[in-house]
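J.: Below: sequence and its predicted model.
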Amino acid sequence: MELNALLTALQTHLPEILRWSGAIAKRLRHFNIAVENKTSGSALTDALTLADLTLQELIVAALRDRDPLFRECRIEAEEKTGDLHRFAKDSPYVISIDPIDGTKQYRDKTADGYCVMVHLRDSETVHYSLVYIPETGAQGTWVEAVQQRVVCGSDDLSRPARDVLDDMPAIDPASRPDSPKIYLIGFQDKDTSNAELVSATGLEGVPPEEMPGSIYDHLATGAFGGSLIHTPNVYDFPVSLHIARILGGDAVWVHNGESVNFHEHWMDERADMLRLPGITACSANPQTLKTLCELAKDWSKVRYQD
């Protein structure tokens, strides 16, 4: 499979698919759609709605039907819905779906920064990322990363989604602000205390309950400087990695400072999702990465202590 042809197909078809998905998410949010399913003990991880299931069904069906190249990829999706068996079992490329990132705030109506997201990766890195944030801004907000270009900006529902993205200027790493804010998640009952340790380094740790929404638009624009995540899942974290790498930074494992790859993962049975091992730091600023690695290099790599 030729990567450039796959990237072109994703850029052509995904924007309208995610825009439709976002519209459905906005409508479903007006109803009682909570579902009991996951049992990790973390309210953020265990939140699940009929919208997650419905949006994934739509996205998987669209990928199945829109271009035969998509079916030549493996597919990883946070939920179990959709015609997943139609996709390849063995392929160098993975299309990964998070139908709603930020499900708890979506379900509880505590904030409007939830998003719909899809990315393409291989075992080493991410090649394409698209994020649609339906209720940020008057008509929604986009983040797209491909090749060496990251864009972030407002949607315009009077125009085709692809045209809107094509007209956005690329973010310039030289003029992008460098916020000290670092998002922490995955440390179970230590999210807040570990955020305080981050703040003690001169950065500003932000635990999940203080996060204004999903991190992707904030990271792209520089409103956040990065993240520190315990055993991140493979559906959403790779998008942060992608943005950071294009903007001159990286995502690394804190215990050795090496760049994150996707050779190994483990199934978190409690949350029913695939995760990367260990603790990762992600930032567009190499000095921030060094600070986070020095702070967290000896922290436990075990997600659940019980």
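T.: Okay, I see it.

J.: Look up phi and psi at the residue most central in space within the chain.
T.: The residue at the geometric middle of the chain, judged as the C-alpha nearest the mean C-alpha position with Cα atoms, centre = their mean, is residue 236 (2.6 Å). Summarising the backbone geometry of residue 236 under the convention degrees, to the nearest 10, its torsions are phi -120, psi -40.

J.: Check the burial of residue 258 by counting its neighbours.
T.: By the measure other Cβ atoms under 10 Å, the count of residues near residue 258 is 11. Every C-beta, even on glycine, is put in place using the N, C-alpha and C of the backbone.

J.: same question, the one 10 residues further on
T.: Using other Cβ under 10 Å, residue 268 has 17 other residues around it.

J.: Also residue 174?
T.: When neighbours are counted by other Cβ under 10 Å, residue 174 comes out with 6.

J.: pretty sure residue 79 belongs to a helix, no?
T.: No. Secondary structure assignment (DSSP: H, G, I helix; E, B strand; the rest coil) places residue 79 in coil, not in a helix.

J.: End to end on stretch 278-298, go ahead and measure it.
T.: Using Cα to Cα, to the nearest Å, the gap from the first to the last residue of stretch 278-298 comes to 11 Å.

J.: Give me the pLDDT for residue 117.
T.: Here, the pLDDT recorded for residue 117 equals 97.

J.: doesn't residue 101 make contact with the residue nearest to the centre of the chain?
T.: Yes. At 4.9 Å, residue 236 counts as touching residue 101 under the criterion of Cβ atoms under 8 Å.

J.: Helix or strand: which one has the spatially closest residue to residue 201 that is not a sequence neighbour?
T.: By the measure of Cβ to Cβ, 6 or more residues apart in numbering, the closest residue to residue 201 outside its immediate chain neighbours is residue 291, 5.3 Å from it. Residue 291 belongs to helix 286-296 when elements are defined using DSSP states H and E.

J.: export that helix as CSV, just CAs?
T.: Listed in CSV are the C-alpha atoms of helix 286-296, where the atom choice follows Å, rounded to 0.1, in the frame of the first residue of the first chain:
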residue,chain,number,x,y,z
PRO,A,286,12.5,19.7,24.1
GLN,A,287,13.3,21.4,27.4
THR,A,288,9.9,20.8,28.7
LEU,A,289,10.4,17.1,27.9
LYS,A,290,13.6,17.0,29.8
THR,A,291,12.0,18.6,32.8
LEU,A,292,9.1,16.1,32.8
CYS,A,293,11.4,13.2,32.4
GLU,A,294,13.6,14.2,35.2
LEU,A,295,10.6,14.6,37.5
ALA,A,296,8.8,11.4,36.6
